[in-house]
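# Pasted the sequence and its predicted model underneath.
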Amino acid sequence: QVQLVESGGGSVQAGGSLRLSCAASGYTSGRYCMGWFRQTPGKEREGVATMNNAGYTHYLWSVKDRFTISHDNAKNTLYLQMTNMEPEDTAMYYCAADRWPCGIASTMDDWGFGTQVTVSS
């Protein structure tokens, strides 16, 4: 099993930037793909961005030109750089990992507890 701890959430004005981090520990070598998902009250969780061990990335269309997912292998940490943020980006953001190739529509094996992001207009 993999433990995932998110950080970096907070409040920002529209047009601003935030960087989320996800520190992974445990059986990380058994995880092929990691990603970021988000959820707001009353809505289904949606995939934001995923990245597999080969570097292949998959983005939600509405964030593709604004968000960048990356991974630091030495630190076992996943990042999500968010720029030009919009109020619609407000959500709880979750880090997740999976043993198999994944995309933003995948169900994932392991989940963090989330970090709140709020964008004000």
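All right, it came through fine. Numbers count the residues shown, from 1 in each chain.
# Distance from the chain centre to stretch 48-61, please.
Its chain's average C-alpha position is 10 Å from that of stretch 48-61, according to CA atoms, centre = their mean, to the nearest Å.
# And the contacts of it?
32-38, 46-47, 63, 67-71, 78, 80, 93, 101-104, 106 (CB atoms under 8 Å, 6 or more residues apart in numbering). All C-beta spots, glycine's among them, are computed from the backbone N, C-alpha and C.
# again, but for stretch 21-34
Counting by CB under 8 Å, 6+ apart, 1-8, 36, 50-53, 71, 75-80, 95-102, 106, 109-110, 112 sit against stretch 21-34.
# Please pick the buried ones from these.
With burial judged by 16 or more other CB atoms under 10 Å, the buried subset of the contacts of stretch 21-34 is 2, 4, 6, 8, 36, 50-52, 71, 76-80, 95-98, 102, 106, 109-110, 112.
# So which of those residues belong to strands?
Within those, residues falling in strands by DSSP state E are 2, 4, 6, 36, 50-52, 71, 77-80, 95-98, 110.
# Which residues are in contact with the residue nearest to the spatial centre of the chain?
For the chain, the residue nearest the mean C-alpha position is Trp36 (2.0 Å; CA atoms, centre = their mean). By CB under 8 Å, 6+ apart, the contact set of Trp36 is 20, 22, 47-50, 69, 78, 80, 93-96.
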